[in-house]
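Participant: Here is the input, now give the coordinates:
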Amino acid sequence: MAEHLTSPRVLRELLNRHKIRLHKKLGQNFLVDENILTKIVTVVDPGLEDGILEVGPGVGTLTLPLARRCRSLLAVEIDGRLIPVLRETLADRDNVTLVQGDILKTDITALCRQVFPDRPLKIAANLPYYLTTPFMFKVLESSLPLCSLTLLVQREAARRMVARPGSKDYGVLSLLTEYHCRASLEFSVPPTVFFPRPEVDSALVSLVPRESPAVSVPQRGLLFQLIRTSFQQRRKTLANSLGETLPGGKAKAREVIAAAGFPLLVRGEDLSLEQFAILTELIYNISGNGTSIRECGENR
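Facilitator: Got it, this is the predicted structure:
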């Protein structure tokens with residue numbers, strides 16, 4: 001069984017035997033291409049001393065080749081119906097710990113310390129689109145001893161992670177990624193290599209956490225509140241966006257923008273992470289104690 005998980009016929013029979021119908025809302029599309037799986041494992045580069053956290057193992061198509069190359073692997077799967085399937089497909093792997101749960105509601109740090117204490121951690125995940133941004137915030141804001149993240153995501157999300165100022169893909173996720181990591185888009189993955197086939201293209205992104213954040217700010221929470229506010233309505237000028245949320249209104253927003261040396265008609269999508277850091281420090285100093293702007297906004 002383990003050697004044939006990339007066969008759509010075998011997968012269909014496996015799921016039918018366990019009486020499982022896949023849920024589109026959970027992003028349940030399993031890789032069935034040996035070459036792509038090999039390329040992903042190469043990017044993850046699991047070592048014998050590494051602990052591997054896999055999010056969304058599905059039926060184990062990626063879990064198996066990863067588990068063969070590391071000492072221990074922790075797989076967190078949200079769909080409880082797939083746990084018996086994973087126990088079957090991973091029956092010959094005694095270095096895999098299966099946990100059923102929602103990764104956003106799971107104490108990942110405590111779980112990883114329990115499964116592989118004092119061991120370098122690498123994360124591999126096949127993430128549905130809706131989960132990408134909240135998962136990134138959860139992991140990158142944690143205290144995990146993280147060496148790398150290798151994420152298979154919708155191609156649009158991948159472009160957002162590596163986008164630069166001024167592009168249509170640039171936004172909150174771009175800035176969060178840059179703040180914490182060095183990111184590279186490894187390769188695109190077509191719908192044809194999944195079972196069942198999704199309606200969109202995917203891409204593999206490799207993230208290596210920085211030893212320290214890309215910029216220094218007096219209050220990290222304020223930085224990301226400012227970023228979210230700036231992208232809540234992309235076509236608004238920064239003065240209008242901040243004017244609705246900053247104590248002192250639009251006049252104070254214009255004052256801060258002028259003090260930063262930016263054009264008064266600048267938009268959030270035009271600012272680099274370094275420029276957002278300058279605004280953060282100015283707003284922090286003006287408030288005297290770092291009083292934050294009002295929380296708002298879409299995580300685009």
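Participant: how about the helix or strand Leu53 falls within: buried residues?
Facilitator: Per DSSP states H and E: Leu53 is located in strand 51-55. Of the residues in strand 51-55, 51-55 count as buried by neighbour count, 16 or more other Cβ atoms under 10 Å. For glycine as for every other residue, the C-beta is placed from the backbone atoms N, C-alpha and C.
Participant: Show residues contacting it.
Facilitator: Strand 51-55 has contacts (Cβ atoms under 8 Å, 6 or more residues apart in numbering) with 44, 46, 62-63, 66-67, 70-76, 103, 108, 112, 115-116, 119-127, 135.
Participant: could you say what helices and strands the helix or strand following it packs with?
Facilitator: Going down the chain from strand 51-55, the next helix or strand is helix 63-67, by DSSP H and E. In this structure, helix 63-67 packs against helix 34-44, strand 51-55, strand 72-77, helix 82-89, with contacts taken as 3 or more Cβ pairs under 8 Å, 6 or more residues apart in numbering; DSSP states H and E.
Participant: Select, out of those, the one closest to Val200.
Facilitator: Nearest of these to Val200, taken as Cβ to Cβ: helix 34-44 at 15.8 Å.
Participant: Work out for me the element the most far-flung residue of the chain relative to its centre sits within.
Facilitator: Relative to the centre of the chain, and counting by Cα atoms, centre = their mean, the farthest-placed residue is Ala251 at 36.4 Å. Per DSSP H and E: Ala251 is located in helix 249-260.
Participant: Pull out the buried positions in that helix.
Facilitator: Within helix 249-260, the residues scored as buried using 16+ other Cβ under 10 Å are 252-254, 256-257, 260.
Participant: any idea which of those residues is closest to Asn285?
Facilitator: Val256 (9.8 Å).
Participant: I'd assumed Asn285 was in contact with the closest one.
Facilitator: No. If you go by Cβ atoms under 8 Å, Val256 and Asn285 don't touch, sitting 9.8 Å apart.
Participant: what about the helices in this structure?
Facilitator: Taking DSSP state H to define them, one finds helices in the chain at 8-17, 34-44, 63-67, 82-89, 108-115, 129-140, 155-162, 172-180, 220-231, 238-243, 249-260, 273-287.
Participant: With only the CA atoms kept, save the third one in PDB.
Facilitator: Spelled out, it's helix 63-67. Provided in PDB are the C-alpha atoms of helix 63-67 (Å, rounded to 0.1, in the frame of the first residue of the first chain):
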ATOM      1  CA  THR A  63       4.500  11.900   5.200                       C
ATOM      2  CA  LEU A  64       6.100   8.600   4.200                       C
ATOM      3  CA  PRO A  65       9.200  10.000   2.300                       C
ATOM      4  CA  LEU A  66       9.700  12.600   5.000                       C
ATOM      5  CA  ALA A  67       9.500  10.000   7.800                       C
END
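Participant: model confidence over it, on average?
Facilitator: Computed over helix 63-67, the mean pLDDT rounds to 95.
Participant: Which residues does that helix contact?
Facilitator: Under Cβ under 8 Å, 6+ apart, the answer for helix 63-67 is 2, 5, 37-38, 41, 44, 46, 52, 54, 57, 73, 75, 86, 89-90, 93, 95-96, 124.
Participant: Kindly report the same for the second one.
Facilitator: In this structure, residues lying in contact with helix 34-44 by Cβ under 8 Å, 6+ apart are 6, 31, 52, 61-62, 65-66, 69, 122, 124, 148, 150, 152, 186-187, 189, 193, 204, 206.
Participant: low pLDDT regions in this structure?
Facilitator: For the chain, the stretches with pLDDT under 70 are 1-3, 288-300.
Participant: Using the record's assignment, carve it into domains.
Facilitator: 2-209, 220-287 (automatic domain parsing).
Participant: Might you report the residue contacts of the closest residue to Arg182 other than its chain neighbours?
Facilitator: Among residues not flanking Arg182 along the chain, Val208 sits closest, at 4.9 Å (Cβ to Cβ, 6 or more residues apart in numbering). By Cβ under 8 Å, 6+ apart, the residues touching Val208 are 147-148, 181-183.
Participant: repeat that for 6 Å
Facilitator: Neighbouring residues of Val208 by Cβ atoms under 6 Å, 6 or more residues apart in numbering: 148, 181-182.
Participant: circling back to that earlier point, please convert the buried members of the contacts of helix 63-67 into ChimeraX selection syntax.
Facilitator: To isolate the buried members of the contacts of helix 63-67 in ChimeraX, using 16+ other Cβ under 10 Å:
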select :5,37,41,44,46,52,54,57,73,75,86,89,90,93,96,124
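Participant: Tell me which residues are up against stretch 146-158.
Facilitator: 43-44, 120-127, 129, 132, 185, 200-209.
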